[in-house]
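*Asks:* attaching a predicted model along with its sequence, questions to come.
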Amino acid sequence: MEVINKYDLNDPILFRNFQKKNKVTDAPYHVIENVFDSTQVKNILDILSSYDDSAIDTEQFKNNEHLKWVYIKCRDSELDSPYDISKRVPEFKLYDDMIIEACLQANRSIWNLDINGVITTKYLIYEQDKYSDWHTDGAFGIHADISSDIMWRKLSATVALTDDEYDGGEFEMVLSSNPSTSYVKIKPSKGSIILFPPFINHRISPVTRGIKKTLVYWFCGSRWR
């Protein structure tokens with residue numbers, strides 16, 4: 001039998017002091033505030049809003065998503081989809097670089113997950129009454145016979161491009177096995193990023209006024225170990 005070390009965390013004072021010193025929280029997410037200022041957010045929206053009309057209604061693909069989205073590609077290495085679900089937007093690369101670096105820096109400071117790739121940016125539009133039901137972005141594991149070089153989603157990121165332009169539309173995350181009684185609601189300010197593990201159950205509540213716009217990133221790496 002492999003020897004597994006067991007650690008004693010029953011000393012509450014010692015553990016709490018460690019949490020405070022290392023900025024460890026019990027929350028399964030992290031918000032990076034003010035990655036972009038209002039001028040930068042406006043520039044991003046000016047670039048992306050021209051693709052609003054070409055965004056695809058996801059109800060034709062998934063019954064738990066009721067919104068519109070389009071993939072935004074700004075790097076030569078990103079392959080084109082055979083379907084009309086992606087747009088080449090090279091002028092977005094400056095902001096794409098800033099988002100990726102902010103997320104990677106937060107990962108290094110908090111989780112230090114083994115990350116070596118990122119999935120193409122997804123631009124999401126929630127109009128009134130639109131929402132995304134409870135779901136996860138990726139499971140813990142897959143069957144062992146699947147190729148070992150598959151990219152595993154290890155960190156999800158949501159970039160807020162709007163805030164007071166809409167009501168409702170909160171990001172909600174489960175904190176226990178009963179989502180109806182134990183979950184957090186977050187409405188980040190525009191220009192901020194929510195980072196969270198992709199296997200945590202979450203949703204976007206229905207938008208009751210206006211339009212919510214976000215960007216979604218998934219950071220990937222080798223098999224969990």
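*Replies:* Looks like it came in fine.

*Asks:* so who does Ser189 touch?
*Replies:* For Ser189, the contacting residues are 33-34, 160, 163, taking CB atoms under 8 Å, 6 or more residues apart in numbering as the criterion. Where C-beta positions appear, they are placed from N, C-alpha and C, glycine not excepted.

*Asks:* Pro198 too?
*Replies:* Pro198 is in contact with 136-138, 153-156, 218, counting by CB under 8 Å, 6+ apart.

*Asks:* give me that answer again for 10 Å
*Replies:* Residues touching Pro198, when contacts are defined by CB atoms under 10 Å, 6 or more residues apart in numbering, comprise 136-140, 152-157, 218-220.

*Asks:* how near is it to Trp224?
*Replies:* Distance of Pro198 to Trp224, given as CB to CB, to the nearest Å: 11 Å.

*Asks:* about what we covered before: now, which of the contacts of Ser189 sits nearest Arg75?
*Replies:* Arg75 has its nearest neighbour among the contacts of Ser189 in Ala160, at 22.8 Å by CB to CB.

*Asks:* nearest residue to the closest one other than its sequence neighbours?
*Replies:* If the residues on either side of it in the chain are set aside, Ala160 comes closest to Pro188, at 4.4 Å by CB to CB, 6 or more residues apart in numbering.

*Asks:* list the contacts of that neighbour.
*Replies:* If a contact means CB under 10 Å, 6+ apart, then Pro188 has 31-33, 158-160, 163, 170-171, 194, 214 as its contacts.
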